[in-house]
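# Okay, sequence plus prediction incoming.
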Amino acid sequence: MSDSGSEKVRWGICATGGIAEKFVEGLRQVPDAEVVAVGSRSQESAETFGDAFGIPHRHATYEALAHDVDVDVVYIASPQNRHHADTLLFLEAGRNVLCEKPFARSQAELQEMVALATNKKLFLMEAIWSRFLPTYVRLRELLHQGAIGEPRMVEADFGFRLPEVDPDHRLFDPDRAGGGLLDLGIYPVQLASMVLGTPNHVGAAGHIGTTGVDEQVAMVLGHDDGALAVLHAAIRTSTSCGARISGTEGHIVIPAFMHVPQALILDNGVGDGERLDLPMDGNGYHYQVQEVHDCLRSGRIQSDILPLDESLAMMGTLDQIRAEIGLVYPGEAGFDTADSASV
Ligand SMILES: NC(=O)c1ccc[n+]([C@@H]2O[C@H](COP(=O)([O-])OP(=O)(O)OC[C@H]3O[C@@H](n4cnc5c(N)ncnc54)[C@H](OP(=O)(O)O)[C@@H]3O)[C@@H](O)[C@H]2O)c1
């Protein structure tokens, strides 16, 4: 890869599950992206994935992928209990990293990841793909222009009903850091963070189900200036998956906030509300890829749109919510509910 943009950015894919497939489909839409390698926990999966997407290097371990010198940047699509260890593995080997959400299980884990990336001067970003969609780009512009005055409240939720409690499903599995909060709740939390910044006060209530993960959680994030976010996440309840940002002079609704938003409704008291259609092309995962390329080509080791300090702060918020609802994962170092208790 060169700074001039004349050469392709060479990607390696870590893990071969559902989201890895969608990501590679999206990545194919970026003309200067090339998938050169895939790493799996088995040669068979690496071969199957490599055949499906025409990827030349197929590695039977994540370690082998880490040491593939033809890879510029690795996309990590393993379950979130592994994000910390896998990110450290790839950074140690000199690879830039785009890691799936949630970035880690706790802020303590993420601090180590960020410290290593900074120390190695390597790129690191959380793959919150929605941040880079046209809807979010326009939303930031509208807020910056003061279209609804001063934002004072964010309401957002992401929830669906998995038909049965299946301990083998990753969302029900505490070993894979399942549950609604980390997996789905990160989306409303990141919207609130983008609009209102880091909260000063965190309150939450949640229901921990029979497998030991949260099946639904409600959060209230408060700010010293009085701004509030009211957010929900659920894996056994079908929620509206909508979002609304209310300000001093109107509000913006994001219809289908979590079913790939492609429009905004701006209501600032003039008329019935204006619908702004903001279609995306492809499956939407390529917008974040373009951001990674832009950063790599300009020598930036983090994104301005999703900076590492913000990811750290969001992880801190999730820690506090976990402390409030008593959600602890097995084998997790560095997370203490007492340390993380609400401020
Ligand atoms: N951005 C999004 O829209 C989005 C959507 C869904 C999920 N995600 C995130 O992406 C990550 C993966 O989700 P997914 O839906 O792709 O999960 P998945 O279908 O279960 O795939 C996860 C993959 O991780 C690897 N893996 C490593 N350790 C594993 C373990 N102990 N058990 C099972 N698999 C293991 C496996 O690949 P190998 O066998 O090849 O090693 C597996 O195929 C999660 O962190 C999730 O939160 C993001």
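Received, thanks. Numbers count the residues shown, from 1 in each chain.

# how many other residues sit next to the closest residue in space to residue 281 that isn't next to it in sequence?
Counting by Cβ to Cβ, 6 or more residues apart in numbering, residue 281 lies nearest to residue 29, which is 7.3 Å off, once chain neighbours are set aside. Bear in mind the C-beta positions are built from the backbone N, C-alpha and C, glycine included. Residues lying near residue 29 (other Cβ atoms under 10 Å) number 16.

# Against residue 332, how distant is residue 17?
With the distance defined as Cβ to Cβ, to the nearest Å, residue 17 ends up 21 Å from residue 332.

# How about stretch 146-164 and the ligand, touching?
No. Using Cβ under 6 Å from any ligand atom, stretch 146-164 stays clear of the ligand, coming no nearer than 10.7 Å.

# Identify the residues contacting the closest residue to the ligand within the stretch 1-150 of the chain.
Distances between the stretch 1-150 of the chain and the ligand by Cβ to the nearest ligand atom are smallest at residue 17, namely 1.8 Å. For residue 17, the contacting residues are 77-78, by Cβ atoms under 8 Å, 6 or more residues apart in numbering.

# I'd guessed residue 209 sits against residue 172; true?
Yes. At 7.4 Å, residue 209 and residue 172 qualify as touching, with contact defined as Cβ atoms under 8 Å.

# Can you list phi and psi of residue 205 for me?
Main-chain dihedrals, residue 205, degrees, to the nearest 10: phi -140, psi 140.

# Tell me what the closest residue to it other than its chain neighbours is bridged to.
In space, residue 205 comes closest to residue 218 once its chain neighbours are excluded; the distance is 5.4 Å by Cβ to Cβ, 6+ apart. Beta-bridge partners for residue 218, by DSSP bridges, are residue 205, residue 232.

# What separation do you get for residue 218 and residue 207?
In terms of Cβ to Cβ, residue 218 sits 10 Å off from residue 207.

# So these two - more neighbours on which side?
Neighbours per residue (other Cβ under 10 Å) separate residue 218 from residue 207, with residue 218 holding more: 18 against 14.

# for the closest residue to the ligand within the stretch 201-343 of the chain, what are its contacts?
Relative to the ligand, the nearest point of the stretch 201-343 of the chain is residue 285 (7.4 Å; Cβ to the nearest ligand atom). Neighbour list for residue 285: 22-23, 25-27, 129 [criterion: Cβ under 8 Å, 6+ apart].

# Selection in ChimeraX covering whichever of these are buried, please.
Typed into ChimeraX, the line below selects the buried ones among the contacts of residue 285, using 16 or more other Cβ atoms under 10 Å:
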select :23,26,27,129
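
# where does the nearest residue to residue 315 once chain neighbours are set aside land on pLDDT?
If the residues on either side of it in the chain are set aside, residue 315 comes closest to residue 107, at 4.1 Å by Cβ to Cβ, 6+ apart. pLDDT for residue 107: 97.

# residues in contact with residue 107?
Contacts for residue 107 were tallied using Cβ under 8 Å, 6+ apart; they are 312, 315-316, 318-319, 340.

# For these, give me JSON lines that also has pLDDT, neighbour count and secondary structure.
Compiled in JSON lines, the contacts of residue 107 are given as follows (pLDDT from 0 to 100; neighbours: other Cβ atoms under 10 Å; DSSP: H, G, I helix; E, B strand; the rest coil):
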{"residue": "312", "pLDDT": "98", "neighbour count": "17", "secondary structure": "helix"}
{"residue": "315", "pLDDT": "98", "neighbour count": "26", "secondary structure": "helix"}
{"residue": "316", "pLDDT": "98", "neighbour count": "20", "secondary structure": "helix"}
{"residue": "318", "pLDDT": "98", "neighbour count": "27", "secondary structure": "helix"}
{"residue": "319", "pLDDT": "97", "neighbour count": "24", "secondary structure": "helix"}
{"residue": "340", "pLDDT": "57", "neighbour count": "21", "secondary structure": "coil"}
